[in-house]
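Student: Need the 3D shape of this:
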Amino acid sequence: MKMKELLLFLSCVLCVYTDSLHTDIHVVGCSDVNGEVMFGLDREELWYADFEKQMGVSPQPPFIDSITFEDGTYETAVINLYICRQNLQHTREGLKEYPLQYDAPSGVMIYTRDEVELRVKNTLICHVTGFYPAPVKVSWTKNGRITTEGSSINTPYPNKNGTFTQIARLQFIPQQGDVYSCTVEHLGLTDPLTKTYNVDTPEKPKPSVGPAVFCGLGVIIGVLSAAGGTFFILKANKCI
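Tutor: Below is the predicted model:
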């Protein structure tokens, strides 16, 4: 089988022992058309190189004490990407009949980050895992129309079995009846794989008549009891 594409990944994993076990990972990966340089800790991205925007990105939320990276980290990532592609070329020359292995995604899920409230901003998450090589392409639609505003996707994260995971996000404002979908494309898929999400919040439960009737009967019985007691008191007074 002639090689059409070869993906080369070089990764370094460092386990740090303190009170508990933590995993620090540095990934350098490349193909003819894609490249990745990423630092992570405990399966969370700390920093990655965005080669399209030519800048480093720290995707951690602003409310945590994020780890900072020194100046020149992005420039070092560019050098590592160049070295990776040089190694890729040498590998291609040495393995002219390299057998290709495509693993289609084993799991695709779509769900919301927070509990859905109509007209309250939320985030849709498309979780794709178990694929090789990286990356996947994820596209979004709203009511059948392609949408890109508010969409993002993280860099591929390696799993322990050699496959990868990627998470795509779409910010949206839920409206009753809207239908969203995420479509995943990968070399291992014959056809794109699509998962849909319907905005359908449950109706608020109507007040039950049971407690009201029960309370009403309780009041009536209480009134009758009081009336009966008063009657017997008056009766006793007359007898005296």
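
Student: can you tell me how far D200 sits from Y111?
Tutor: Separation of D200 from Y111 (CB to CB, to the nearest Å): 14 Å. All C-beta atoms are positioned from the backbone trio N, CA, C, and that covers glycine.

Student: What of N161?
Tutor: Distance of N161 to Y111, given as CB to CB: 23 Å.

Student: Would you mark the buried spots in whichever strand or helix holds W140?
Tutor: Following DSSP states H and E, one finds W140 within strand 137-142. Within strand 137-142, the residues scored as buried using 16 or more other CB atoms under 10 Å are 138-142.

Student: how long is stretch 178-191 end to end?
Tutor: One end of stretch 178-191 sits 25 Å from the other (CA to CA, to the nearest Å).

Student: Let me see the residues that make contact with it.
Tutor: 5, 102-105, 108, 110, 124, 126, 128, 131-133, 136-144, 168, 170, 172, 192-199 (CB atoms under 8 Å, 6 or more residues apart in numbering).

Student: Name the SS class of the residue nearest to the spatial centre of the chain, please.
Tutor: Centroid check for the chain by CA atoms, centre = their mean gives I125 as the closest residue, at 4.1 Å. Under DSSP: H, G, I helix; E, B strand; the rest coil, I125 falls in the strand class.

Student: Can we start the residue count at 523 from this point?
Tutor: Will do, 523 is the new start, and the previous item becomes I647.

Student: give me the beta-bridge partners of it?
Tutor: When assigned by DSSP bridges, I647 has beta-bridge partners Y633, R691.
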